[in-house]
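Chemist: Take a look and give me a structure for this.
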Amino acid sequence: MRNALPAQRRFTDIRNTGWVTRLPPRIRNYALLARLDRPIGIWLLFLPGLWSILLAGATPERSAILIALFAIGAIVMRTAGCTVNDLWDRKLDRLVARTASRPLASGAISVPQAIVFLALLLIAGLVILLLLDRTAQILGVASLALVALYPAAKRVTFWPQMMLGFTFGWGAPMGYAAAHGSLAWPVLPLYAGTILWILGYDTIYAHQDREDDAMAGIKSTALKFGARTRTFLTICYGGAIALLAIAFILAGLNELALMMLILPAMLLGWQIVRLDINNPARCLALFKLNRDVGLLIALAILLGQ
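Modeler: Numbering: from 1, shown residues only. Okay, here's the model as predicted:
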């Protein structure tokens, strides 16, 4: 099927350069399964937890420990999520140019091997979870249901990006609970804003596969909104910034935090202006800008305290 695609659609998400390619083949296959050649997913999973830890206002020592634990946890759980996703999607991935070379789709890693790998990752995640407070532990266990269900969403709804928002944004309530010991009102707009942010950037990401997804029967917000994506992104990104501002106010941050939100808002606006839904490479580049958006939001929280 891949050979029948036009040249511009033969677009793979496997990177053929960098340190991962120098690993021994067996280890390299697991690194590719974990998307370690493309750490943007780890960043995007980590950032909502970083925001909420900073927003909770724990001591610097406590915050530093939690940030380190959440960074390690993001690597572990992102890898676990990719493994679950690729187990679910290994047959569908063979029909999509971007994903056909993934280790499970291509047969480089077998299903039993992937299940053993997933079990080891979940054990590592459990060890990290046991180092957190009880509320955060409960939220961490609850997140496993989201991780397991997300791959099914694209089969039944045009809103799998919303499901990813609930899943990737889970670090917002979990990080706050870990740093504060319980949940509080700022978590609600923070989590809601995070979901809208993720809904926006993953719609951009989904445009890489729009034509292949339609042929394979996979649903997405990219397919649902098509040429209206800019309007949809404006709503998502505008709502995300507004909700983050509310979270900042509820958390008692100063005016500088609100002023600093202008910088990530400008980067989000740049994504809307520069979007070309028929250019997979540009969609990927704009999607990756969201790491910088997230870091600027974290800086706004720090300066606002």
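Chemist: so after the helix or strand encompassing residue 52, what's the next helix or strand?
Modeler: When secondary structure is defined by DSSP states H and E, residue 52 falls within helix 40-56. Tracing the chain C-terminally past helix 40-56 and defining elements by DSSP H and E, one meets helix 60-93 next.
Chemist: what angle sits between that next one and helix 40-56?
Modeler: On the basis of axes from the mean of the first three to the mean of the last three C-alpha atoms, to 10 degrees, helix 60-93 is oriented at 150 degrees to helix 40-56.
Chemist: I'd like to know the average pLDDT value across the helix or strand just after helix 60-93.
Modeler: Downstream of helix 60-93, the first helix or strand assigned by DSSP H and E is helix 103-106. Helix 103-106 comes out with an average pLDDT of 88.
Chemist: Which other helices and strands does helix 103-106 contact?
Modeler: helix 25-33, helix 60-93 (3 or more C-beta pairs under 8 Å, 6 or more residues apart in numbering; DSSP states H and E). For glycine as for every other residue, the C-beta is placed from the backbone atoms N, C-alpha and C.
Chemist: tell me the angle the shortest one makes with helix 60-93.
Modeler: Going back to what we said before, that points to helix 25-33. Going by the same axes, to 10 degrees, helix 25-33 makes 100 degrees with helix 60-93.
Chemist: Let's see helix 25-33 as CSV, backbone CA atoms only.
Modeler: The C-alpha coordinates for helix 25-33 follow below in CSV (Å, rounded to 0.1, in the frame of the first residue of the first chain):
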residue,chain,number,x,y,z
PRO,A,25,19.4,-3.5,16.4
ARG,A,26,17.5,-5.3,19.2
ILE,A,27,17.7,-2.4,21.5
ARG,A,28,17.0,0.1,18.7
ASN,A,29,13.7,-1.5,18.0
TYR,A,30,12.5,-1.0,21.6
ALA,A,31,13.8,2.6,21.5
LEU,A,32,11.8,3.2,18.3
LEU,A,33,8.8,1.6,20.0
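Chemist: how about it: buried residues?
Modeler: 28, 29, 30, 31, 32, 33 (16 or more other C-beta atoms under 10 Å).
Chemist: now stretch 116-129
Modeler: 117, 118, 121, 122, 124, 125, 129.
Chemist: Now do the fifth one against residue 70, distance only.
Modeler: Residue 124 sits 14 Å away from residue 70, taking C-beta to C-beta, to the nearest Å as the criterion.
Chemist: do the fourth one as well
Modeler: With the distance defined as C-beta to C-beta, residue 122 ends up 17 Å from residue 70.
Chemist: what's in contact with stretch 176-191?
Modeler: The contact list for stretch 176-191 (C-beta atoms under 8 Å, 6 or more residues apart in numbering) reads 48, 51-53, 55-58, 62-63, 66, 69-70, 132-133, 135-136, 139, 169, 172-173, 243-244, 246-248, 250-251.
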